[in-house]
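> dropping a prediction and its sequence here:
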Amino acid sequence: MNRYGRLLGAMPLFALALCADAALASDEAKEKRWEAQIVDSLLVGEAVKLNTGKGEFLGLYAPAEGPQVHGAVLLLHGMGAHPAWPDVIEPLRTRLPEAGWHTLSLQLPILGNDAEEKEYAALLDEVPSRLRAGVDFLKTRGIDRVVIIGHSMGNTMAAYYLAAEADAAIKAVVVVSVGAGIAGAAKADTNGNLARVKLPILDIYGSQDEKVVLQGVKARAPHLAKSNPDYSQRRIDGADHFYHGRENELVSAITGWLGQRLP
């Protein structure tokens, strides 16, 4: 056995576990790099620092425009991305205010560029404190009507949070291109977690979406409709997973549904 092996052998098991957890915590250096790039080029809204009680992270807040304000949208990006991600998130972040919705886009826990999807299961426990911080920030602005909108991995994180926590300020959920979750991780079973959510849910997907999304569409509908009478699906024809060229349809589908559910 080499020297490194002897050191590991002598290390207590709890210490090994701590090392493993630390290795799978959110990549703070990457978060800082994203933050520097975003803040320097931000054209809409303002950058805000939110606090989980253990540390700060970036949020992007854009106030609603016009005379009629409906509430706020909490935006959750996909795997390895950031709160101003050009696909899905940025169009919603900058255009929902035009329809009377404040937006707060959160930096979610992320890993390095080479990380696999399954590794993100270890980050889920970092999610609730970030979403709570986001909701609390909105409440300080006098907003007590919040909708959560996630894209891709952001849906897995939203569903994990919503299945375990109840906050009267959260009124509805929109999942954009949602997958089934992370294979092999029970707490990342997105469909199962969404089935526990007793809020209005809009499930949006593109006709040209990723295979894993399209495979889950038919299976998910009866499962969630049974547990939630206010669950519905909406297909956007011609849209891929990132809604390239279909941003108008995506924004319209969401604002139309919100207008019906939260007039």
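Nice, I can see it. Numbering: from 1, shown residues only.

> can you pull out the strands in the stretch 51-200 of the chain?
Ranges of strands in the stretch 51-200 of the chain, per DSSP state E, counting those that start in this stretch, are 56-62, 71-76, 101-106, 146-151, 170-176.

> using TSV, lay out these together with mean neighbour count and mean pLDDT.
From N, CA and C alone the C-beta is placed, and that goes for glycine too. As requested, the strands of the stretch 51-200 of the chain are arranged in TSV below (neighbours: other C-beta atoms under 10 Å; pLDDT from 0 to 100):
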stretch	mean neighbour count	mean pLDDT
strand 56-62	22	98
strand 71-76	26	98
strand 101-106	26	98
strand 146-151	27	98
strand 170-176	24	98
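
> quick one: neighbours of Arg145, just the number.
The local packing of Arg145 (other C-beta atoms under 10 Å) involves 17 other residues.

> what's the distance between it and Met153?
When distances are taken as C-beta to C-beta, to the nearest Å, Arg145 and Met153 turn out to be 26 Å apart.

> any regions of the stretch 1-150 of the chain where pLDDT drops low?
In the predicted model of the stretch 1-150 of the chain, residues 1-24 satisfy pLDDT under 70.

> which residues in it form helices?
With DSSP state H, counting those that start in this stretch as the definition, the stretch 1-150 of the chain shows helices at residue ranges 3-10, 13-23, 28-41, 89-95, 127-140.

> burial of Thr94, as a residue count?
18.

> that one: what's it in contact with?
Thr94 makes contact with Val44, Gly45, Ala62, Thr103, according to C-beta atoms under 8 Å, 6 or more residues apart in numbering.
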